[in-house]
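Chemist: The amino acid sequence is not available; the structure is as follows:
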């Protein structure tokens, strides 16, 4: 979903050479019209001619947890945080290298395919914390008996916190484990935004979280005492 024709065509050609099928949209409304459950990844520009890419992402999040990668010339910290807050999984600032783009895309695909595949030859395993239930084998979460839709990134972070329940995990550790990339200056903000989103989805009072707690100067943790 890119309004600049040269960039859009180059992206499509790059993806086709990597054996991915592509569907192109020139603006936000046509992108939403085209979007369907069969789409596995959305690459989304922020600056679209008819509506903000942030608004497109928000609309997609109302019906899907498909991975969303923002491509943006709006590289300020506030813009990046906003993109993650509306449901983006990752972002890449323009101009970018083709190799870096493909690395981000391949990482999102691997994460999505691995954690959205239903288990076949073994009994499904779960992690628990109070009323919270999370599958170890696929992106499936229940809280108080109700299904909770998590993006793949949110699922990976929650899975990591539950597997290390009782241990405070630093933003650096979480980022490097989930994104499989070196920790950069703004990576802590990336983790913080996803933690905030998880709290909105899981906590009774996100401003006073009882499940995902902040350990001062250490990071984030889920207590072994089941307070959720």
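Modeler: Received it, and whenever you're ready, just let me know what you need. Because the structure is a prediction, the values reported are computed rather than measured. Numbering: from 1, shown residues only.
Chemist: For the rest of this, base every contact and every neighbour count on C-alpha atoms.
Modeler: Fine.
Chemist: domain ranges for this structure?
Modeler: Split into domains by automatic domain parsing, the chain comes to 5-115, 126-222.
Chemist: all helices for this protein, in order.
Modeler: With helices called from DSSP state H, the chain shows them at 5-17, 28-34, 53-61, 77-85, 98-115, 152-163, 171-178, 187-202.
Chemist: What residues sit buried inside the second one?
Modeler: Which is helix 28-34. 28, 31 (16 or more other Cα atoms under 10 Å).
Chemist: Stretch 39-46 now?
Modeler: 41, 42, 43, 44, 45, 46.
Chemist: Residues in contact with that stretch: which ones?
Modeler: By Cα atoms under 8 Å, 6 or more residues apart in numbering, the residues outside stretch 39-46 that reach it are 1-3, 52-54, 57, 66-74, 109.
Chemist: now do stretch 163-170
Modeler: 127, 161, 215, 218, 219, 220, 221, 222, 223, 224.
Chemist: if you set the cut-off to 10 Å instead, what comes out?
Modeler: Residues from elsewhere that reach stretch 163-170 (Cα atoms under 10 Å, 6 or more residues apart in numbering): 127-129, 136, 157-161, 175, 188, 191, 212-225.
Chemist: Weed out the non-buried ones from those residues.
Modeler: For the contacts of stretch 163-170, buried by 16+ other Cα under 10 Å: 129, 136, 157-161, 175, 188, 191, 212-214, 219-223.
Chemist: hang on, residue 173 packs against residue 221?
Modeler: No: between residue 173 and residue 221 there is no contact under Cα atoms under 10 Å: 11.9 Å.
Chemist: Report the contact partners of residue 154.
Modeler: Per Cα under 10 Å, 6+ apart, neighbours of residue 154: 87, 89, 139, 160, 178, 191, 194, 195, 196, 197, 198.
Chemist: now swap in residue 80 and tell me
Modeler: Contacts of residue 80 (Cα under 10 Å, 6+ apart): 70, 72, 74, 88, 90, 91, 92, 93, 186, 189, 190, 193.
Chemist: And these, which of them are buried?
Modeler: Among the contacts of residue 80, those classed as buried by 16+ other Cα under 10 Å are 70, 72, 88, 90, 91, 92, 189, 190, 193.
Chemist: CSV for the residues you listed, including distance to residue 33 and pLDDT?
Modeler: Putting those into CSV (distance: Cα to Cα, whole Å; pLDDT from 0 to 100) gives the following:
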residue, distance to residue 33, pLDDT
70, 19, 92
72, 22, 81
88, 19, 93
90, 23, 90
91, 23, 87
92, 25, 87
189, 32, 90
190, 29, 91
193, 28, 93
